[in-house]
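Asker: need coordinates for the below:
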Amino acid sequence: MSSDGFRYEGRRVLVVGGATGMGAAAAKTASELGADTIVMDIAPIDFPATQTVRVDLRDENDIDTALGQIAAPIDAIFSCAGVADGTSGLMLINFISQRHVIDRLLEQGKLGGGAAAAVAMISSGAGMGWQNNLPQALEFLACSDWESASKWIESHPGTDNYVFSKQVMNAYVAHESFALARKGVRLNAVLPGPTDTPLARANADVWLPFGEPFRKELGVGPLAPEHVGDTLAFLCSDAASGINGVTLTIDYGHTSASMTGAYDDPLVRGLLGIG
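Answerer: Have a look, this model is predicted:
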C-alpha cells in the first residue's frame, strides 16, 4: 500500500469529545490528512473544523438532536470523551453515550452501510486488567440501550467510576468488534498512559505521577495529546484495515516491561492481576 492509505481525502470524520486534549489532537490530525472533520463537544471548539456541534453527552435526546445535524456518510468515529471521578454522569459520558452514538449512526445508515468505516475509542491504562472483571463488564454490556444501562449502573454501587468505565470500554471493543465488522465497521481502542491534557492537569497529583520513575529512566515526560491523536488517525485509516478488536497501549513500553519483569513496577502487575 502507498502512503495514500494514511490519508483521509473524501472521508468524513466525527470526533466525539474533541474540544481539547487528545480529541482535539485527533481532529486536527484528521483535518491535516484531508478529512472533513465534525467535532462534537459541550465545550467551545476554538480550532478550525468542517462542522462543530454542541452536545451534552449526559442527555440522550440532546445526542439524537446533535446527530440529526450531521450528514452521511460518517467514515470514521474518534470516540474521545472522558471525565474524571467525581463528575456527575460519569458512565453516561465515558461510555453509555459513546456507544449510543455508534448504535444510532448504524441504525440511521450513516456509519458503514457497505462502505469501509472505523471507530477508535480512547480508553486508559486505568482499564488494564479488564479481563479479570470480564463477567461483570459483559453483564453490563448486555444492557444494550441507554435506559437499561443507566439503571444497571444505578443498581450496582461502585460502578459509576473511571476505572470501570474504561474496563467496560475495553470489553466492548473485544466483544463487539466481530459483530461490527460484519456491518463493515472496524472497532479498536487505545489505552494511553499519563498524557498532558487539561483533564490530566486537573487531576495531576493522581494521574501524572503514574509511571514517572519509568519515564525518567527513558528520559521522556508524559505523553503529548498528539501521541494519542495520531494513533487514532492511524487506526481509522485504510493503512490499518487489518486491525480490529484491539486495545492498543500507548505508554513508551511501561506496561510490557513491567509485565515481563524487565522493569519492576508492582502497581502495573497489580492492575494486570499477575501479582
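Asker: name the residues of the worst-scoring helix or strand of the chain on mean pLDDT that are buried.
Answerer: The helix or strand of the chain with the poorest confidence is helix 204-207; it has a mean of 81 (mean pLDDT, DSSP states H and E). By 16 or more other CB atoms under 10 Å, the buried positions in helix 204-207 come out as residue 207. C-beta: built from backbone N, CA, C; applies to glycine.
Asker: could you dump that helix to PDB, C-alpha only?
Answerer: The C-alpha trace of helix 204-207 is given here as PDB (Å, rounded to 0.1, in the frame of the first residue of the first chain):
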ATOM      1  CA  ALA A 204      -2.300  16.000  38.300                       C
ATOM      2  CA  ASP A 205      -1.500  14.600  41.700                       C
ATOM      3  CA  VAL A 206      -3.200  11.300  40.900                       C
ATOM      4  CA  TRP A 207      -2.800  10.800  37.200                       C
END
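Asker: so for the next helix-or-strand element following that helix, what's the average pLDDT?
Answerer: Per DSSP states H and E, the first helix or strand lying C-terminal to helix 204-207 is helix 212-218. For helix 212-218, mean pLDDT is 96.
Asker: counting contacts, what elements does helix 212-218 pack onto?
Answerer: helix 254-260 (3 or more CB pairs under 8 Å, 6 or more residues apart in numbering; DSSP states H and E).
Asker: just after the helix it packs on, pick out the following helix or strand.
Answerer: Next along from helix 254-260, by DSSP H and E: helix 266-272.
Asker: and for that next one, what's in contact with it?
Answerer: 125-126, 128-129, 210-211, 254-255, 258-259, 275 (CB atoms under 8 Å, 6 or more residues apart in numbering).
Asker: cutoff 6 Å now
Answerer: 128-129, 255, 258 (CB atoms under 6 Å, 6 or more residues apart in numbering).
Asker: Throw those into a markdown table and include neighbour count, thanks.
Answerer: Shown next, in a markdown table, are those (neighbours: other CB atoms under 10 Å):
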| residue | neighbour count |
| --- | --- |
| 128 | 27 |
| 129 | 17 |
| 255 | 23 |
| 258 | 24 |
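Asker: now for those: which two are most distant?
Answerer: 129 and 258 (12.0 Å; CB to CB).
Asker: show me the strands in this structure, by range?
Answerer: In the chain, strands defined by DSSP state E lie at 12-16, 36-41, 51-54, 76-79, 117-122, 185-192, 247-250, listed in chain order.
Asker: partner strands of the longest one, parallel or antiparallel?
Answerer: Read it as strand 185-192. strand 117-122 (parallel), strand 247-250 (parallel) (DSSP bridges).
Asker: using PDB, write out every CA atom in it.
Answerer: Coordinates of each C-alpha in strand 185-192 appear next as PDB, following Å, rounded to 0.1, in the frame of the first residue of the first chain:
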ATOM      1  CA  VAL A 185     -17.100  -1.200  10.700                       C
ATOM      2  CA  ARG A 186     -13.800  -1.900  12.400                       C
ATOM      3  CA  LEU A 187     -13.600  -1.200  16.200                       C
ATOM      4  CA  ASN A 188     -10.500  -0.500  18.200                       C
ATOM      5  CA  ALA A 189      -9.300   1.500  21.200                       C
ATOM      6  CA  VAL A 190      -6.200   3.000  22.600                       C
ATOM      7  CA  LEU A 191      -5.000   2.800  26.300                       C
ATOM      8  CA  PRO A 192      -2.900   5.800  26.900                       C
END
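Asker: let's have the chain start at 46 instead
Answerer: Noted, 46 is the first residue going forward, which turns the last one into strand 230-237.
Asker: list the buried residues in that strand.
Answerer: Result for strand 230-237 [16+ other CB under 10 Å]: buried residues 230-237.
Asker: which residues does residue 212 contact?
Answerer: 172, 175, 178, 182.
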